[in-house]
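1. Next comes the sequence, and after it the predicted model I'd like to discuss.
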Amino acid sequence: MTNPSSAQLDSSRPVPHSPEREVARVGMLRLTLRRLLRSPSGQIGLVCFAIVFCAGLFAPILAPYDPIEQFIGSELQPPSGQYWLGTDELGRDLLSRILYGARLALLVGVVAVGAGSLIGVSLGMLAGYLGGWFESVTMRLWDTLLAFPGVLIAIAISAMLGPGVFNVGLAVAIISLPGYARLARAGVLAEREKEYVLAARSLGVPVPTIIFRHILPNILPPILTQVALGMASAVFLEAGLSFLGLGAQPPEPSWGGMLADSRTYMRQAAWYGIAPGLAITLFLMGLNFLADGLRDALDPTRRI
Amino acid sequence: MVAFILRRLLQAIPVLILSSIVVFLIIRVVPGDPARVVLGLDASEEELAAKRSELGLDQPLPVQYFRWLGRVAQGDLGNSLVNRFPVAELVRDKLPATLELAIASFLLSVLISLPLGIFAALYAGSWGDYLTSVVAAFYLGTPNFWIGMLYIMLFSVFLGLLPPSGRVAFFNDPLLALRHLALPALTLALPAAMVQMRFIRATMLDVLGQDYIRTARAKGLREQTMVLRHALRNTLIPVVTVLGIQFGNLLGGAVIVESLFAWPGVGRMLVDSIGNRDYAITQAGLLYLVGLFIVVNLVVDLLYGFIDPRTRRGGS
């Protein structure tokens, strides 16, 4: 924690601007967040993410109707005062379905990224710290996983476990494991011989404590970028699999599923496919901008 | 060079073995009994047991795996559980369509990304560079199946210029074939082109900052010669790897795009088979696509070793 009085003292003095000094003063994580909030990409990304997050969180309050309630006689209505984004072929309100769809996208993103990063980072750090056969075996496994196109792994897992949101999350988590593991391993390899680690080791600090308490905070920032990108790929795959009928099952509102349903009605109801597509784009672009902003925030030399 | 090729081929073996195990397991771990899928709901226990024995399902898993691998090596992928057609023939019928789409999209993506990437690097910081960044951000943040739907709406529904779905064999009617190919190829190519463009731009910027480029400039070499002969050649070395990965990704991406445009390829067959619970076809489709992906990666790595002799050295 930064002491407010010392911060005030610092700001009143003419301190020469040096990144190392700044890092030492506020800590890498907080500095990254501060830079993120200053960068245009980070701001756009955070706003887009916040919109989708709030839409999902407050869907029951914001949605004008129940997302699965069918209004007989109101099928394929264009946008109007009553139905802001129109209705689908079963007379369900599209706005309500998109708001609830945000929940699903967030859920898959959080489950996939949570599971993927937790397992991937842990295994990657252990591999980097312990080395030996454990490192060889896990690294070969990641290489093999990377040899498959992500979409095909997701389809194979859906074929094995059956369609459904949870299985999509699981598939995305498995696909994302190598990315986290390799990043964490590289970070640990760079840190493991540094003085603070050697000091902790010579004091007899247990290995898990060294890895997770001492090294992890120092290698966390690049992993955060990967988390943003991982969430984008989770949202993309969920939408794609739902589009193919392998993700969320009807009547559950999912953006990809809504796009798939709208294909049949392109001539009569062109607006039907626009709103869910825009929702996915908003979220994906937001996450990509967030990742860009994080990358810039972590590496001040990347300015071009 | 021979040692490098052998080493790379040996490295591909664990990947091939693991992928074959995953593909094999799909048909074994799916809920439900494949014998019942073949015989239907009113089959008796004796009939089911006989079928299981005929399909080899009563054997231990490793035995089943090696038997299956032996059959696959001979080109026998079994019969469709739904219409009893030999699966190998079905896949062979669909493969040209998938390859046609992937190759067309790949060529299109290179044609778009190479000039744009070079332009963006040479004029880094200009409005043109920013414009390409914005377009790239849009395409990278937008699912290709939605972009495909927008193309269908614009070019087929409103303008009536291009057919929204289906495929015509190239040798039957080349012009009609190209008209059918245009939208799916464009849908797959543009996002790939944006990834490649960004990579080409970054690599070219890196190369343009090197000492030998400064030397070339200092000795008064024409800008055009410097870019084409010195910078571009060195840019292309890492770009080849990315292009290879992109080609593999196009094969994966084709699964969704083929379904959207009713393109009769392996990807669409794969998705339909999951819907029909025809696991023999699912297995074969995955086997072909993953196999193709691995082969493409292998070829790219070998090509890379050929282009850049430094990568041939050092095994570990």
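-> Nice, I can see it.
2. what are the ranges of the helices in the stretch 1-150 of chain A?
-> Under the criterion DSSP state H, counting those that start in this stretch, helices of the stretch 1-150 of chain A are mapped to A:4-12, A:19-26, A:28-38, A:40-57, A:59-62, A:94-130, A:132-146, A:150-161.
3. okay, these in a markdown table with mean neighbour count, distance to chain B and mean pLDDT next?
-> Where you see a C-beta, it was placed from the backbone N, CA and C, and this is true even at glycine. Shown next, in a markdown table, are these (neighbours: other CB atoms under 10 Å in any protein chain shown; distance: least, CB to the nearest CB, whole Å; pLDDT from 0 to 100):
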| stretch | mean neighbour count | distance to chain B | mean pLDDT |
| --- | --- | --- | --- |
| helix A:4-12 | 10 | 33 | 41 |
| helix A:19-26 | 12 | 21 | 58 |
| helix A:28-38 | 16 | 17 | 79 |
| helix A:40-57 | 17 | 9 | 92 |
| helix A:59-62 | 14 | 21 | 94 |
| helix A:94-130 | 22 | 12 | 92 |
| helix A:132-146 | 15 | 5 | 83 |
| helix A:150-161 | 23 | 4 | 80 |
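4. For A:Trp271, find the nearest of these.
-> helix A:94-130 (8.4 Å; CB to CB).
5. returning to what we had before: which one of the helices of the stretch 1-150 of chain A lies closest to A:Leu298?
-> A:Leu298 lies closest, by CB to CB, to one member of these: helix A:28-38, at 5.8 Å.
6. Verify the stated contact: B:Val23 with B:Tyr279.
-> No: here B:Val23 lies out of contact with B:Tyr279, judged by CB atoms under 8 Å, at a distance of 10.5 Å.
7. surely B:Tyr279 meets A:Met160?
-> No: at 9.5 Å, B:Tyr279 and A:Met160 do not qualify as touching, with contact defined as CB under 8 Å.
8. Show me what from the stretch 151-300 of chain B comes close to chain A.
-> Within the stretch 151-300 of chain B, the positions near chain A by CB under 8 Å from any CB of the partner chain are B:152-153, B:157, B:205, B:248-249, B:251-253, B:255-256, B:259-260, B:270-271, B:274-275, B:279, B:282, B:286, B:289-290, B:293-294, B:297.
9. Weed out the non-buried ones from these.
-> B:152-153, B:205, B:248-249, B:251-253, B:255-256, B:259-260, B:270-271, B:274, B:279, B:282, B:286, B:289-290, B:293-294, B:297 (16 or more other CB atoms under 10 Å in any protein chain shown).
10. Could you pick out which of those are located in helices?
-> Among those, DSSP state H puts B:205, B:248-249, B:251-253, B:255-256, B:259-260, B:270-271, B:274, B:279, B:282, B:286, B:289-290, B:293-294, B:297 in helices.
11. So which bits of the stretch 201-304 of chain A are right by chain B?
-> Near chain B, the residues belonging to the stretch 201-304 of chain A are A:232, A:236, A:239-240, A:243-246, A:256, A:259, A:262-263, A:266-267, A:270, A:273, A:277, A:280-281, A:284-289, A:304 when assessed by CB under 8 Å from any CB.
12. swap the cut-off to 10 Å and go again
-> A:232, A:235-237, A:239-241, A:243-246, A:255-256, A:259-260, A:262-263, A:266-267, A:270, A:273-274, A:276-278, A:280-289, A:292, A:302, A:304 (CB under 10 Å from any CB of the partner chain).
13. any low-confidence regions in the stretch 201-316 of chain B?
-> Within the stretch 201-316 of chain B, the segments meeting pLDDT under 70 span B:311-316.
14. can you tell me the residue of it closest to chain A?
-> B:Gly252 (2.9 Å; CB to the nearest CB).
15. Can you select the buried ones from the residues of the stretch 201-304 of chain A next to chain B in ChimeraX?
-> Under the burial definition 16+ other CB under 10 Å, those of those that qualify are selected in ChimeraX by:
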select /A:232,235,236,237,239,240,241,243,244,245,246,255,256,259,260,262,263,266,270,273,274,276,277,280,281,282,283,284,285,286,287,288,289,292
